[in-house]
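Engineer: Here is my input, please return the structure:
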Amino acid sequence: MAGRVGFFDVETGGEMVLVLRRYGNEFQVIRRFGYRDRKYDEPFVVPADPETFLTDLASIPSVFAWLVPGLGSHLPAVLLHDGLVVARGEPPTHLGPPVTRAEADRILRDAMKELGTPVIRRWLIWTGAELGTVWVTRRHRWWWRILAVLTLTAVVALGSLATLDLFDVWNVLPWMGNRPWWEELLFGAVAAVAAPLVLSALWGRFWRAAAITGIGMAVLLHVTVAVILLSGVYWVLEKLVSWPEGLSPNVAKNLANVPDGTHDVGEPLNTTDIALTFPTRRERPAESTESSPF
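Structural biologist: You can find the predicted model right below:
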C-alpha cells in the first residue's frame, strides 16, 4: 500500500461516487466509500451498515456557514470522520482498523488535504473536531470545559475592550493607550494574535486547536456579531412572512410537517437522492505528510 492514499469507490475501486439520501435534516450514505490512510495497511470503509448510518454532514453553526460551508471539497472527509467516531459503548460505524477519536481528527485533516481543501479551511474544520474531542472524551472533562469557556470569554472580552478603546469610549487597555487610530488598530491586531497564543499554553498538547480558535474568534469577532444580528433580523422577517403558509425559518421543521400523500408511493417521506463524484488523486510518496503551519 506504500504511496497509495485517498478516497475510492468500494464497488469499482475507482473514483469515489458519493450517494446521499436525505431524510428531513439528516442524510443516509447509501453507497459505501473507502479511504486509504498512509499509516494503515487496511483501508477504512464507511459506512459499516448503509441502512442505519445517518449524518447531518458538517455540523457548522449557521453564523459561520459563510466561512466554512456544509458542502464542499471537504464533505467526504467529514463523512469519513463521522464514520470513525462513535460514542462510548456504541458499535463501530466503519469497517477497518479501530481508531481513537484524536486519531480520527488527524485522519480528517489529512483526508481534506487529499481532497484539495484549502489550508485555512481544513485547519478550521480540524479545530472544530479537535475541540469536540477535548469537550467529550478527555479525562477531567469539567476542567477542559471550564478552560474552553474561560479562553473564549477572555478573547471576546479583550476584543470588546479593544473596540471601545479604538473609538475612545473607554481607554483601559495599556497596549492601546492614547495613540493615533492607526497605531491603536495595529497594536490591537497584534494583541488579537498574541493573547490567544498566550492562553493556548494552558491547553498543553491541544494548544494548536486553542490558538486557532482564539485567533479566529478575535479576528472574526465583529463579523460574527454582525452576522448574528443580521441572522436575527432575517429570522424575524421569515417568521412573519412564512407564517401564512404554515412555515417557519427552520427547514427541518418544515420538512417534518409535510402532509401525508405528497410523496411517491413506496418512497420514504421527505427523501432526496444526491450523487457526487470525487476524482482520485495520483499516487504520491509515503513521506508526503501534512505539516503544521504553526
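
Engineer: For the helix or strand containing residue 83, buried residues please.
Structural biologist: Using DSSP states H and E, the element containing residue 83 is helix 75-84. Buried positions in helix 75-84, judged by neighbour count with 16 or more other C-beta atoms under 10 Å: 75, 76, 77, 78, 79, 80, 81, 82, 83, 84. Heads up, the C-betas are built off the backbone N, CA and C, glycines and all.

Engineer: Using JSON lines, lay out those together with distance to residue 239.
Structural biologist: Output for the buried residues of helix 75-84, formatted as JSON lines (distance: C-beta to C-beta, whole Å):
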{"residue": "75", "distance to residue 239": "30"}
{"residue": "76", "distance to residue 239": "35"}
{"residue": "77", "distance to residue 239": "35"}
{"residue": "78", "distance to residue 239": "30"}
{"residue": "79", "distance to residue 239": "32"}
{"residue": "80", "distance to residue 239": "37"}
{"residue": "81", "distance to residue 239": "34"}
{"residue": "82", "distance to residue 239": "31"}
{"residue": "83", "distance to residue 239": "36"}
{"residue": "84", "distance to residue 239": "38"}
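
Engineer: if we look at the following helix or strand past the helix holding residue 83, which residues are touching it?
Structural biologist: Next in sequence after helix 75-84, counting helices and strands by DSSP H and E, comes helix 101-114. For helix 101-114, contacts defined as C-beta atoms under 8 Å, 6 or more residues apart in numbering pick out 5-7, 35, 37-38, 44, 73-74, 76-78, 80-81, 84-85, 99, 121-123, 125-126, 129-130, 133, 136-137, 281, 289-290.

Engineer: and the angle from helix 101-114 to helix 75-84?
Structural biologist: 160 degrees (axes from the mean of the first three to the mean of the last three C-alpha atoms, to 10 degrees).

Engineer: what's the spacing between helix 101-114 and its chain's center?
Structural biologist: How far helix 101-114 lies from its chain's middle: 12 Å, per C-alpha atoms, centre = their mean, to the nearest Å.

Engineer: Let's see that helix as PDB, backbone CA atoms only.
Structural biologist: Coordinates of each C-alpha in helix 101-114 appear next as PDB, following Å, rounded to 0.1, in the frame of the first residue of the first chain:
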ATOM      1  CA  ARG A 101     -11.200  10.000  18.300                       C
ATOM      2  CA  ALA A 102      -8.000  12.000  18.300                       C
ATOM      3  CA  GLU A 103      -6.600   9.800  15.500                       C
ATOM      4  CA  ALA A 104      -9.900  10.200  13.700                       C
ATOM      5  CA  ASP A 105      -9.400  14.000  13.900                       C
ATOM      6  CA  ARG A 106      -5.900  13.600  12.300                       C
ATOM      7  CA  ILE A 107      -7.300  11.400   9.500                       C
ATOM      8  CA  LEU A 108     -10.000  14.100   8.900                       C
ATOM      9  CA  ARG A 109      -7.300  16.700   8.400                       C
ATOM     10  CA  ASP A 110      -5.100  14.600   6.100                       C
ATOM     11  CA  ALA A 111      -8.200  13.400   4.100                       C
ATOM     12  CA  MET A 112      -9.200  17.000   3.500                       C
ATOM     13  CA  LYS A 113      -5.700  17.700   2.100                       C
ATOM     14  CA  GLU A 114      -6.100  14.800  -0.300                       C
END
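
Engineer: before we move on, the earlier item: please enumerate residues in contact with the helix holding residue 83?
Structural biologist: Counting by C-beta under 8 Å, 6+ apart, 7, 16, 18, 29, 33, 35, 44, 46-48, 53, 55, 57-58, 93-94, 99, 104-105, 107-108, 111-112, 114-115, 117, 125, 129, 276, 278 sit against helix 75-84.

Engineer: repeat for stretch 119-130
Structural biologist: 58-60, 67-68, 72, 74, 77-78, 81, 102, 104-105, 108-109, 112-113, 117, 206, 208-209, 212-213, 216, 293.

Engineer: what about dumping the CA coordinates of that stretch to PDB?
Structural biologist: The C-alpha trace of stretch 119-130 is given here as PDB (Å, rounded to 0.1, in the frame of the first residue of the first chain):
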ATOM      1  CA  VAL A 119      -5.200  25.100   4.100                       C
ATOM      2  CA  ILE A 120      -7.000  27.600   6.300                       C
ATOM      3  CA  ARG A 121     -10.400  25.900   5.800                       C
ATOM      4  CA  ARG A 122      -9.100  22.400   6.600                       C
ATOM      5  CA  TRP A 123      -7.400  23.600   9.800                       C
ATOM      6  CA  LEU A 124     -10.600  25.400  10.900                       C
ATOM      7  CA  ILE A 125     -12.600  22.200  10.400                       C
ATOM      8  CA  TRP A 126     -10.000  20.200  12.200                       C
ATOM      9  CA  THR A 127     -10.000  22.600  15.000                       C
ATOM     10  CA  GLY A 128     -13.800  22.200  15.400                       C
ATOM     11  CA  ALA A 129     -13.400  18.400  15.500                       C
ATOM     12  CA  GLU A 130     -10.500  18.600  18.000                       C
END
